[in-house]
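Asks: need a structure here:
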Amino acid sequence: MPGRPAAGRRQPPGPRGLPLLGSALDFRRDPLRTFVEAWRDHGDLVQFRGPVPVVLVTHPDHLKHILVDNFANYPHPDDFNRKVSVSVGQGLVTTEGEVWRAQRRTVAPTFRKEPLERFAGVMVDSAARMLDRWERVARYGEVIDARTEMQSLTLEILARCLFRADWSRDALRLGRAVGAQLEHINSKLIAVADIPERVPTPRNRRFRQARRLLDDTVYRLIAERRRRPPGGPEDDEDLLSTLMRTPDPETGHLMTDEQLRDQVVTLFIAGHETVAATLSWICHLLSTHPAETERARAEVLSVLGGRPPSKEDLPQLKYLKMFIQEALRLYPPLWQVARMPLEDDVLGGYDIPAGSFLLLSTYITHRNPAFWDNPEGFDPERFTRERSAGRPRYAYMPYVAGPRNCVGLAFATMELTIVVASILQRFHLDMVPGHPVVMQPDISLRAKYGMRMTLRPVTARGEVPPPPAPPAPAVEPEPAAGCPYSRATAESGGLTAL
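Replies: The predicted structure is shown next:
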């Protein structure tokens with residue numbers, strides 16, 4: 001059976017688990033707790049028993065070996081590529097070997113920092129439009145869900161950068177279709193039994209309809225681009241046009257319509273969700289760490305004053321950069337990645353047979369006290385040059401590393417900085433008291449119940465008004481004589497107790 005070590009091999013330690021099932025039920029119930037407890041009990045390499053044995057990898061040296069030094073031996077598992085490709089096709093995430101290398105050569109130049117800086121204005125404008133709407137929300141004391149807000153914002157930014165002016169007529173369709181695709185992929189990756197998409201279950205019907213909508217939209221936009229005459233001003237070019245005209249530097253081949261579709265859908269599915277998840281966690285940190293938030297706000301106001309941010313401002317926002325880095329340490333969007341060796345290997349003195357299922361958990365690496373003081377605390381200054389000295393390079397890896405690192409890293413970094421700076425200029429965020437903040441480890445690390453928040457507008461000088469006083473408790477009237485349920489219902493909380 002693939003993944004089962006041969007007799008006599010030295011296996012990593014790990015929990016015994018249940019007969020036959022091993023730790024499979026623990027994975028489904030609470031994967032984060034299962035991994036953290038196993039790491040604390042057994043160390044940096046842990047083998048879980050089960051129908052498919054799993055090896056948990058957390059040490060920076062081991063991550064470097066897998067992702068950098070010997071990366072060609074460690075592709076994604078075939079099962080992962082198969083399940084994700086039903087949505088994104090054969091894009092950068094789901095291809096291997098020479099097919100992946102050709103795609104990376106072609107796509108990477110489009111996502112270098114300098115060409116991407118022309119989209120800073122799109123990010124500023126989209127953030128400003130969201131914050132203008134927040135002004136109305138704040139005026140009436142209403143509540144926002146920061147997770148939903150950030151998902152909508154990042155999808156708008158990505159669509160505007162990909163399609164420029166053409167995106168708006170398809171915004172609602174795109175949002176619904178991308179959301180349905182993400183839901184389907186998450187369900188497939190954790191499902192005990194993977195039901196083929198041709199089986200007409202309600203979930204599969206929703207998925208197929210969403211995929212048709214997404215395909216129809218993307219293929220239509222590709223066709224419209226192909227009809228445009230070449231030679232337009234560079235500033236008017238969107239990412240789709242750039243991808244369309246960029247050849248493979250080794251073969252000179254341009255991407256076909258199908259290849260363009262797969263790259264665009266990959267960007268939608270992977271690109272906006274990871275940034276949205278990070279922004280929602282940053283909103284949580286802005287509301288719960290006032291000293292660090294006010295320091296970041298003071299820097300933003302000092303650098304920007306009252307004007308919107310620009311790409312030239314970003315290098316000066318040094319404390320804000322560390323604030324975002326610390327958010328990514330605590331809540332890495334890619335909290336785990338899967339790999340499967342093609343050939344036998346040795347890791348940390350243990351044998352790793354070909355076909356082993358490896359889970360690389362940056363969530364745990366980012367909390368290892370050997371590399372991080374007070375690892376559960378929020379401390380942006382741990383990323384100063386002085387305190388970073390001597391820390392292993394791969395102890396911090398929010399977007400993977402090595403040749404298969406995130407191609408959109410520069411785009412995401414610019415987007416995070418612009419959006420958070422824009423928020424700090426205009427609003428203070430407060431978590432709704434009692435709202436549960438629970439991590440949901442899907443493809444990205446999301447807030448399971450969202451982020452319900454209220455808003456306080458910030459003055460031009462950066463002053464934050466005090467929170468509104470809570471309403472005075474209502475005075476309960478005395479129950480009418482002879483009514484035995486009146487006081488009991490009030491004391492138990494009535495419907496709010498359900």
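Asks: tell me the confidence at Leu158?
Replies: At Leu158 the predicted local distance difference test score is 91.
Asks: buried residues in the helix or strand that contains it?
Replies: Using DSSP states H and E, Leu158 falls within helix 146-163. The neighbour-count check on helix 146-163 (16 or more other Cβ atoms under 10 Å) flags 146-147, 149-163 as buried. No exception for glycine: its C-beta is placed from N, CA and C like everyone else's.
Asks: OK, contacts around Thr384?
Replies: Under the criterion of Cβ atoms under 8 Å, 6 or more residues apart in numbering, the neighbours of Thr384 are Met322.
Asks: what's the spacing between the residue sitting nearest the centre point of the chain and Ser444?
Replies: Nearest to the centroid of the C-alpha atoms of the chain, with distances taken as Cα atoms, centre = their mean, sits Thr274, at 2.0 Å. Per Cβ to Cβ, to the nearest Å, Thr274 is found 5 Å from Ser444.
Asks: shared neighbours, the two?
Replies: Common neighbours of Thr274 and Ser444, counting by Cβ under 8 Å, 6+ apart, are 333-334.
Asks: before we move on, back to that, test my guess that the residue nearest to the centre of the chain contacts Leu334.
Replies: Yes - judged on Cβ atoms under 8 Å, Thr274 makes contact with Leu334 at a distance of 6.6 Å.
Asks: okay, and the common contacts of those two?
Replies: Counting by Cβ under 8 Å, 6+ apart, the contacts common to Thr274 and Leu334 are 399, 406, 444.
Asks: what is the nearest of those residues to Pro51?
Replies: Sorting these by distance to Pro51 puts Ser444 at the head of the list, at 25.7 Å, by Cβ to Cβ.
Asks: what angle do the strand or helix carrying Thr417 and helix 146-163 make?
Replies: Here Thr417, judged by DSSP H and E, is contained in helix 409-426. Computed by axes from the mean of the first three to the mean of the last three Cα atoms, to 10 degrees, the angle separating helix 409-426 from helix 146-163 equals 130 degrees.
Asks: buried residues, helix 409-426. List them.
Replies: Across helix 409-426, burial judged by 16+ other Cβ under 10 Å covers 410-426.
Asks: show the average pLDDT along whichever helix in the chain runs longest.
Replies: In the chain, with assignment by DSSP state H, the single longest helix is helix 202-227. When pLDDT is averaged over helix 202-227, the result is 90.
Asks: hmm, Gln440 is touching Ala447, no?
Replies: Yes - between Gln440 and Ala447 a contact is recorded at 6.7 Å, counting by Cβ under 8 Å.
Asks: the two - which one has more neighbours?
Replies: Legend: neighbour count by other Cβ atoms under 10 Å for Gln440 and Ala447, higher for Ala447 (23 against 15).
Asks: average pLDDT across stretch 449-460?
Replies: With pLDDT averaged residue by residue, stretch 449-460 scores 93.
Asks: mind checking how far it is from the chain centre?
Replies: Distance of stretch 449-460 from its chain centroid, counting by Cα atoms, centre = their mean, to the nearest Å, is 21 Å.
Asks: what packs against the longest helix of the chain?
Replies: Judged by 3 or more Cβ pairs under 8 Å, 6 or more residues apart in numbering; DSSP states H and E, the packing partners of helix 202-227 are helix 78-88, helix 171-190, helix 239-245, helix 257-266.
Asks: ok, 10 Å please
Replies: Using 3 or more Cβ pairs under 10 Å, 6 or more residues apart in numbering; DSSP states H and E as the contact criterion, the neighbours of helix 202-227 among helices and strands are helix 78-88, helix 146-163, helix 171-190, helix 239-245, helix 257-266.
Asks: who's in contact with the fourth one?
Replies: Helix 239-245 is contacted from outside by 106-107, 109-111, 115-116, 119, 158, 160-164, 166, 218, 221-222, 224-226, 228, 230, 232, 234, 237-238, 254-255, 257, 259-260, 263-264, 267, 408, 411, using Cβ atoms under 10 Å, 6 or more residues apart in numbering.
Asks: try it again at 6 Å.
Replies: When contacts are taken as Cβ atoms under 6 Å, 6 or more residues apart in numbering, the neighbours of helix 239-245 outside the stretch itself are 110, 161-163, 225.
Asks: do the same with stretch 201-216
Replies: Residues beyond stretch 201-216 that count as contacts (Cβ under 6 Å, 6+ apart) turn out to be 173, 177, 180-181, 184, 197.
Asks: quick check: buried residues in it?
Replies: Residues of stretch 201-216 classed as buried under the neighbour-count rule (16+ other Cβ under 10 Å) are 203-204, 207-208, 210-211, 213-214.
Asks: got those residues as CSV, with distance to Ala138 columns?
Replies: Formatted as CSV, the buried residues of stretch 201-216 follow (distance: Cβ to Cβ, whole Å):
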residue, distance to Ala138
Arg203, 38
Asn204, 42
Phe207, 37
Arg208, 41
Ala210, 34
Arg211, 38
Leu213, 34
Leu214, 34
